[in-house]
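Participant: What follows is a predicted structure for the sequence shown.
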Amino acid sequence: SLIAADTEAGSGYGSAIAIDGETIVSGAPLHDHGATDTGSTYVFGFPPVVDFITQIVNGDLLIDHQTVSDSNLSMTISGGQLIVSVVDNLITAPVGGTQIDAQTIAVSLSMLTGSTVYLTGGAGTEQVTLDTSLAAAGLRIDYDGDDGSGEDSIILSGSADSLSSWMGGSQSGWVRLNEFDLDFLFYSHQDRMIWDVATAHLDLNYDNDTQTIDFNADASGGFQVISGSGPELRVFQIPSTTLNLNSGAGLDYVNINSVGQDATADLIITETRGDDWVEFGNSLDLGSGDLELHVNRATFGENVTTTGNVHVEAASIFTDSTTPLNTGGGNIYFESTGLNLGEIITTGDVWIDASASIIDNNGSSNNITAARAVILSGSSTNSMETQVGYLEVATVGFVQVQNTGDLVIGDAGDLTGIYARDSTIYVNTTGSLD
């Protein structure tokens, strides 16, 4: 209702109305303004709708998105102040803060003795951009994106020695930088996380739900991770040293289709319970870092390549039957109960420990190309074809090795040659045999 301060009965107030944008004009043609029936005109303007209101409580900054509008909010540190900006929205400064303009406020860090910024989102689509300078200033962010119909996302930019995260149910989780004792970011009801952070170490942890976790290529040159419980994750800058994944205690299926272009980080995948399945996609380049797996089952697709070392501990290991796993000069270490062996190629060394058996799954094609090979096994099915210079074998059951080229028995590892406990080891080579 729009009520004029000096209306009078019979003035005709509201008999003529005009609206232009946020301005309303109402006429009162019979209003006695200075004389009888001289008439009056009343002009009203809508007050601006403030999307974000802020206040400081016990040294913490509270930011509340009180409308259903879409929003784009960012926070950064400049000159000892927290700068909060919005795009196409309005924000008001708290008492003691500075209103730079209708879309930007500044709060002195000295006022934020509680060190936490609480951000409550609205029902619309929201984007929140945070900079790692906030953590360096000792601030912590607690962001509830609301469970409305909009899609919410967090963009984290800047740099850090390490970035560790946990993702769980209700699209919630936390982010820790530089192994700080306190977590930098708590979040809930988030649909997407975008990390554009230069870091050496990236640590991804998921909750204990049974889920599928997919690593795929991203248009940025990085990679994206989609899981059954946490928000979608896009990583723009690939870590330089380590990429660690712990998928939790549930029965998880991890599909690695990309770890980003020109990756240099070591990829380490561990599990809490021991039931996870990890599958590497076809034509996958793992880069120059090492690969380390501690899972229940590991499967390598066609033409998987790397120049780093490969260390796999799993109950079952499968390599492709038609195309090789090629590690360049990286060493290969397989420890399993059962190994389904296609072809593995390296100019380095191979160590295989298959306590039950090795299954040759590529027929008469070559299985192992390496400088040195150590084979520990219960037994093998069919003949294993090799092209190695040095060989050591220890088995319980029957094993047959067909080698191409000159071969030296011994000097391959900790063994002294060949040991057969209950059966026979048969070795044949096309070259000389020492």
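Facilitator: Everything's here; your move. Here the structure is a predicted model, which means the values were calculated and not measured.

Participant: residue contacts, the residue positioned nearest the centre of the chain?
Facilitator: The centroid of the chain falls nearest to residue 233 when counting by Cα atoms, centre = their mean (4.4 Å). Residues in contact with residue 233 (Cβ atoms under 8 Å, 6 or more residues apart in numbering) are 167, 192, 193, 194, 195, 204, 224, 225, 226, 227. Quick note: C-beta positions are derived from backbone N, CA and C, even for glycine.

Participant: Now the third one: closest residue in space that isn't a chain neighbour?
Facilitator: The one in question is residue 193. Leaving aside its chain neighbours, residue 193 sits nearest to residue 233 (4.8 Å; criterion: Cβ to Cβ, 6 or more residues apart in numbering).

Participant: do the same with residue 44
Facilitator: Spatial nearest neighbour of residue 44, chain neighbours left out: residue 24 (4.6 Å); criterion: Cβ to Cβ, 6+ apart.

Participant: isn't the one you found right next to residue 14, touching?
Facilitator: No - with contact defined as Cβ atoms under 8 Å, residue 24 does not reach residue 14; the gap is 10.5 Å.

Participant: quick one on the thing from earlier: identify all contacting residues around the helix or strand that contains the residue nearest to residue 44.
Facilitator: If you go by DSSP states H and E, residue 24 is part of strand 23-28. If you take Cβ under 8 Å, 6+ apart as the criterion, strand 23-28 is touched by 2, 4, 7, 11-19, 39-46.

Participant: Let's see that with 7 Å instead.
Facilitator: By Cβ atoms under 7 Å, 6 or more residues apart in numbering, the surrounding residues in contact with strand 23-28 are 2, 7, 11-18, 39-45.

Participant: Tell me which of those fall in strands.
Facilitator: Members of the contacts of strand 23-28 lying in strands (criterion: DSSP state E): 16, 17, 18, 40, 41, 42, 43, 44, 45.

Participant: So for the residues you listed, which is the shakiest by pLDDT?
Facilitator: pLDDT across those is lowest for residue 45, at 79.

Participant: ok, what's across the strand from it?
Facilitator: residue 23 (DSSP bridges).

Participant: List the contacts of residue 378.
Facilitator: Counting by Cβ under 7 Å, 6+ apart, residue 378 touches 355, 356, 357, 395, 396, 397.

Participant: Would you mind checking those residues for buried ones?
Facilitator: 356, 357, 395, 396, 397 (16 or more other Cβ atoms under 10 Å).

Participant: Please tell me how far residue 85 sits from residue 194.
Facilitator: Taking Cβ to Cβ, to the nearest Å as the measure, residue 85 falls 18 Å from residue 194.

Participant: Who has more neighbours out of these two?
Facilitator: Using other Cβ atoms under 10 Å, the more surrounded residue of residue 85 and residue 194 is residue 194, with 22 against 18.

Participant: Regarding the more buried one, what is its secondary structure?
Facilitator: Classification of residue 194 using DSSP: H, G, I helix; E, B strand; the rest coil returns strand.

Participant: ranges for the helices of this structure?
Facilitator: 133-136 (DSSP state H).

Participant: on that earlier part again, for the residue nearest to the centre of the chain, list each beta-bridge partner.
Facilitator: Going by DSSP bridges, residue 233 forms beta bridges with residue 193, residue 225.

Participant: thinking again about what came up before, what mean pLDDT does the strand holding residue 24 get?
Facilitator: Here the average pLDDT along strand 23-28 is 88.

Participant: Run the chain-centre distance for that strand.
Facilitator: 56 Å (Cα atoms, centre = their mean, to the nearest Å).

Participant: What is the end-to-end distance of stretch 31-44?
Facilitator: In stretch 31-44, first residue to last residue: 18 Å (Cα to Cα, to the nearest Å).

Participant: One more: stretch 300-320?
Facilitator: End-to-end span of stretch 300-320 (Cα to Cα): 6 Å.

Participant: ok, now how distant is the residue nearest to residue 108 when sequence neighbours are not counted from residue 64?
Facilitator: Closest residue to residue 108 apart from its sequence neighbours, by Cβ to Cβ, 6+ apart: residue 81 at 5.5 Å. Going from residue 81 to residue 64 by Cβ to Cβ gives 20 Å.

Participant: of those two, who's got more company?
Facilitator: With neighbours defined as other Cβ under 10 Å, residue 81 and residue 64 compare such that residue 81 has more, 20 against 14.

Participant: give me the beta-bridge partners of that one?
Facilitator: Following DSSP bridges, residue 81 is listed with bridge partners residue 78, residue 108.

Participant: In contact with it, which residues are there?
Facilitator: The contact partners of residue 81, by Cβ under 7 Å, 6+ apart, come to 106, 107, 108, 109.

Participant: any chance of those in a markdown table, with neighbour count and distance to residue 415 too?
Facilitator: Shown next, in a markdown table, are those (neighbours: other Cβ atoms under 10 Å; distance: Cβ to Cβ, whole Å):
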| residue | neighbour count | distance to residue 415 |
| --- | --- | --- |
| 106 | 17 | 69 |
| 107 | 20 | 67 |
| 108 | 13 | 69 |
| 109 | 15 | 63 |
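
Participant: confidence score at residue 411?
Facilitator: So residue 411 comes in at 86 (pLDDT).

Participant: Quick check, it in contact with residue 389.
Facilitator: No - between residue 411 and residue 389 there is no contact under Cβ atoms under 7 Å: 9.1 Å.

Participant: low-scoring stretches of the stretch 251-400 of the chain, by residue?
Facilitator: Counting by pLDDT under 70, the low-confidence segments of the stretch 251-400 of the chain come to 272-274.

Participant: could you redo the last one with a cut-off of 90?
Facilitator: 251-252, 261, 270-276, 379-382 (pLDDT under 90).

Participant: Export the ones in strands among the contacts of strand 23-28 as JSON lines, with columns for neighbour count and distance to residue 420.
Facilitator: Below are these laid out as JSON lines (neighbours: other Cβ under 10 Å; distance: Cβ to Cβ, whole Å):
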{"residue": "16", "neighbour count": "12", "distance to residue 420": "108"}
{"residue": "17", "neighbour count": "11", "distance to residue 420": "102"}
{"residue": "18", "neighbour count": "11", "distance to residue 420": "102"}
{"residue": "40", "neighbour count": "20", "distance to residue 420": "112"}
{"residue": "41", "neighbour count": "14", "distance to residue 420": "108"}
{"residue": "42", "neighbour count": "19", "distance to residue 420": "105"}
{"residue": "43", "neighbour count": "9", "distance to residue 420": "102"}
{"residue": "44", "neighbour count": "14", "distance to residue 420": "99"}
{"residue": "45", "neighbour count": "9", "distance to residue 420": "95"}
